[in-house]
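Asks: what's the 3D shape of this:
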Amino acid sequence: MDAKSIAEKVVGKMFDNDWFSQWLGIERVLVEPGKCILRMKIRKEMLNGFAIAHGGITYSLADSALAFASNSHGRQSVSVETSISHTVALKEGDEITATAEEQSLTNKIGIYIITVRNTSGATVALFKGVVYRTSKEWFPQDK
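Replies: Numbering: from 1, shown residues only. Model (predicted):
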């Protein structure tokens, strides 16, 4: 099985069991080894008391992109450190896209930058994630 097929198989399995990402309404746009693009729409129940998207919504989208990108190599990976900067407020009906890109990958650590943009292409959040790569394979039989 080639690397892209493994990435798609891993992310498919993860997504099928990820009820929160499904509740968010996340759509998988692109899955490749070390990279993932996700898209979703801001709904009314995602707004805070200022009638803008709760910061946890963009954080959650970016965190899902981190999870999918970091596990896409076929090894189970878990986040150990994350941070986010919110740069533009979001309103109900806004569609946002998170692009996770691998910056560094070693045997034990992966570093990813996730950029969240709105439909006009403006950056609405910047997220950095560090993951620990376990030795456990998602599908050892596919090796």
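
Asks: what's the closest non-adjacent residue to residue 102?
Replies: Once flanking residues are discounted, residue 102 sits nearest to residue 34: 3.5 Å by Cβ to Cβ, 6 or more residues apart in numbering. Backbone N, C-alpha and C define where each C-beta goes, glycine included.

Asks: you'd agree the one you found is up against residue 72?
Replies: Yes. In this structure, residue 34 is within contact of residue 72 by Cβ atoms under 8 Å, at 6.2 Å.

Asks: tell me which of the two has more neighbours.
Replies: residue 72 (27 against 17; other Cβ atoms under 10 Å).

Asks: for the closest residue to the more buried one other than its chain neighbours, what are its contacts?
Replies: Excluding the flanking residues, the one nearest residue 72 by Cβ to Cβ, 6+ apart is residue 7, at 3.8 Å. Counting by Cβ atoms under 8 Å, 6 or more residues apart in numbering, residue 7 touches 31, 32, 33, 72, 73, 74.

Asks: again, only this time at 10 Å
Replies: Residue 7 is in contact with 30-36, 68-69, 71-74, 138, counting by Cβ atoms under 10 Å, 6 or more residues apart in numbering.

Asks: residue 113 versus residue 98, what's the distance?
Replies: As judged by Cβ to Cβ, to the nearest Å, residue 98 and residue 113 stand 11 Å apart.

Asks: mind giving me the packing neighbours of the longest helix anywhere in the chain?
Replies: Using DSSP state H to define each element, the chain has its longest helix at helix 55-71. Packed against helix 55-71 by the contact rule (3 or more Cβ pairs under 10 Å, 6 or more residues apart in numbering; DSSP states H and E) you find helix 3-16, helix 19-24, strand 27-32, strand 35-41, strand 75-86, strand 95-105, strand 109-118, strand 123-137.

Asks: closest one to residue 64 among those?
Replies: Minimum separation from residue 64 across the helices and strands packed on helix 55-71 (Cβ to Cβ) falls at helix 19-24, 4.7 Å.
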